[in-house]
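sequence first, then the predicted structure, then my questions.
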Amino acid sequence: RRVAAGLRRLGVGPGDRVAAYAPNIPETYVLLLATASLGAVFSSCAPEFGTRSVTDRWRQIEPTVLVAVDGYRYGDKPVDRRAEVAAVRAALPSLAHTVSIAYLDPAGAPPEGAIGWADLAAATDEPLTFTPVPFDHPLYVLYSSGTTGLPKPIVHGHGGILLEHLKMLALHHDLGPGDRFLWFTTTGWMMWNFLVSGPAVGSAIVLFDGNPGHPDLGELWRLAERTGTTYFGTSAPFLLACRKAGLVPREIADLSALRGVGSTGAPLPAEGFTWVYSAVGDRLQLQSLSGGTDVCTGFVGGVPLLPVHAGEIACRALGAKVEARSADGTPVVGELGELVITAPMPSMPVGFWNDADGARYREAYFDVYPGVWRHGDWITINERGGCVITGRSDATLNRGGVRLGTAEFYSVVEGLDEVVDSVVVHLEDDQGGAGELLLFVVLAEGLTLDDDLRRTIGRELRTALSPRHVPDEIHQVRAVPRT
């Protein structure tokens, strides 16, 4: 109520854009609700995003108000972001006001020309009112890291996203009053928008900001105990990292309240399922789900009514008409195909920002199969409706006619104790040959890539996949870039 009044004092009204350069903290959530109550449009970037990433996104939507933190902490490391905030302000001529949250240094003063969060949220007698808006009025703008050009500014509408999230949270995740809902996410990932819809079904939400591996990988599990979390959501890489570290969460935290574990962000292999049921708890339901920023939800996932099969996503979500299509567009069952959606879902975007004729929107999803949404993932749907996603169809390795989703490749390489992270790149041959397969690996602390380790990696890939999947070259890198 107070922040909505503060935004109104700054002249914010229906259709205006409010941008948050802030982490997963209560202020960011309050700002989203206040913005929505005015019929204004919200957009967030996580404060670890660099200036270029932020300005590439926000120049497209031209916000009038920026709310930004002075910095953040990652583990025990303070990260000052005042210079980045100044650069973002300078790059956005549309800004009329900047609000500073003294997050890193609570005693710090706002930068010149900005006001403090306390001023925005100052006491007022103004009642809380809600501006009525049409069903498809823009609620927030999310961005997909397009493979080419600027990130796509994806606009989600009030009605569609509310219906979608009520459906997923209440019916698929079985959340309601009395539940405590935690999903590890930053404000730069669509799972934040998904998490903060929790109160719409009466659930409390648990917000965590920082390094999930500090002081060790048990931190989030201990947080789940402290908060009485009933649904714990995270990413497949986090669960696999816990498994690799030999962690047994149920031995370091009382997780008796936990009824559900959600996994997304990458396919969860069978060994991840086995680990959750043995190391976390056997009285909960593990739900692997997949969706995207484009729909701000999962279109395949779990549901309390169906059994869980290791390495498999249980079903297609309610209202999501998902099919696998072969190269010629025929629906297939039991074999790998392009993931398509053949009828509208509640939360398909209302469009892209500044795309009045819809040309960019159609090109992104409807160019390959006219009138049918092509998502860009490889999926296999089996006879009982279970789904396995094997990576992005635009990141497929195709050597001599053998197609391989990158997810399978990574599960083999990162299964080795020596490898912390990896990325594989296929350089195609214009003449139709096998092309070149390059593998980049991040190794555990203190290790250097040598010929012995190269041979080990090659042997594992040959055994688990095929000789065609042995890289031509393997290189050690310090880190893998993330979108």
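Perfect, thanks for sending it.

for the rest of this, base every contact and every neighbour count on C-alpha atoms.
Noted.

please enumerate the helices of the stretch 301-450 of the chain.
Assigned by DSSP state H, counting those that start in this stretch, the helices in the stretch 301-450 of the chain fall at 359-365, 406-413.

could I get those helices as JSON lines with mean pLDDT and mean neighbour count?
As requested, the helices of the stretch 301-450 of the chain are exported to JSON lines (pLDDT from 0 to 100; neighbours: other Cα atoms under 10 Å):
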{"stretch": "helix 359-365", "mean pLDDT": "92", "mean neighbour count": "15"}
{"stretch": "helix 406-413", "mean pLDDT": "79", "mean neighbour count": "18"}
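
can you tell me which of these is nearest to residue 130?
Among the helices of the stretch 301-450 of the chain, helix 359-365 comes nearest to residue 130, with 30.1 Å by Cα to Cα.

where in the stretch 351-483 of the chain is pLDDT low?
Applying pLDDT under 70 to the stretch 351-483 of the chain picks out residues 393-405, 407, 429-434, 466, 482-483.

re the thing from before, which of the helices of the stretch 301-450 of the chain sits closest to residue 376?
helix 359-365 (8.5 Å).

ok, residues contacting that closest one?
Among residues not part of helix 359-365, those counted as contacts by Cα atoms under 8 Å, 6 or more residues apart in numbering are 351, 352, 355, 372, 373, 374, 375.

whichever of those residues end up buried, select them in PyMOL.
Buried subset of those, written as a PyMOL selection, criterion 16 or more other Cα atoms under 10 Å:
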select buried, resi 351+352+372+373+374+375
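
out of the contacts of helix 359-365, who's nearest residue 314?
If you rank the contacts of helix 359-365 by distance to residue 314 using Cα to Cα, residue 375 comes first, at 19.0 Å.

list the contacts for the closest one?
Contacts were defined as Cα under 8 Å, 6+ apart; by that measure residue 375 touches 338, 339, 340, 341, 365.

what residue of the chain is the furthest out?
Residue distances from the centre of the chain (Cα atoms, centre = their mean) peak at residue 125, which lies 38.0 Å from the mean C-alpha position.

before we move on, back to that, out of the helices of the stretch 301-450 of the chain, which is closest to residue 184?
Taking Cα to Cα as the criterion, helix 406-413 is the member of the helices of the stretch 301-450 of the chain that comes nearest to residue 184, at 21.1 Å.

that older thread, out of the contacts of residue 375, list just those in strands.
Where these overlap with strands, as defined by DSSP state E, the overlap consists of 338, 339, 340, 341.

the second one and residue 320 touch, don't they?
No. Under the criterion of Cα atoms under 8 Å, residue 339 lies out of contact with residue 320, with a separation of 11.6 Å.

quick one, which of these two is more surrounded?
The neighbour comparison of residue 339 against residue 320 (other Cα atoms under 10 Å) goes to residue 339, with 24 against 18.

contacts only, for the more buried one.
For residue 339, the set of contacting residues under the criterion of Cα under 8 Å, 6+ apart consists of 322, 323, 324, 325, 374, 375, 376, 377, 378, 379.

for the stretch 151-300 of the chain, what spans make up the strands?
Chain-ordered strands for the stretch 151-300 of the chain, with DSSP state E, counting those that start in this stretch as the definition, fall at 152-157, 180-183, 204-206, 231-235, 260-264, 285-288, 290-292, 297-301.

before we move on, what about the stretch 301-450 of the chain?
With DSSP E, counting those that start in this stretch, the ranges of strands along the stretch 301-450 of the chain come out as 315-316, 322-325, 331-332, 337-341, 351-352, 373-381, 387-392, 397-399, 402-404, 419-427, 436-443.

export those strands to a markdown table and tack on distance to residue 65?
Formatted as a markdown table, the entries for these read as follows, by distance: least, Cα to Cα, whole Å:
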| stretch | distance to residue 65 |
| --- | --- |
| strand 315-316 | 39 |
| strand 322-325 | 39 |
| strand 331-332 | 47 |
| strand 337-341 | 36 |
| strand 351-352 | 21 |
| strand 373-381 | 33 |
| strand 387-392 | 36 |
| strand 397-399 | 44 |
| strand 402-404 | 45 |
| strand 419-427 | 38 |
| strand 436-443 | 40 |
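
before we move on, back to that, export the contacts of residue 339 to TSV and tack on distance to residue 76?
What follows is those, written out as TSV (distance: Cα to Cα, whole Å):
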residue	distance to residue 76
322	44
323	46
324	46
325	48
374	43
375	39
376	38
377	37
378	40
379	41
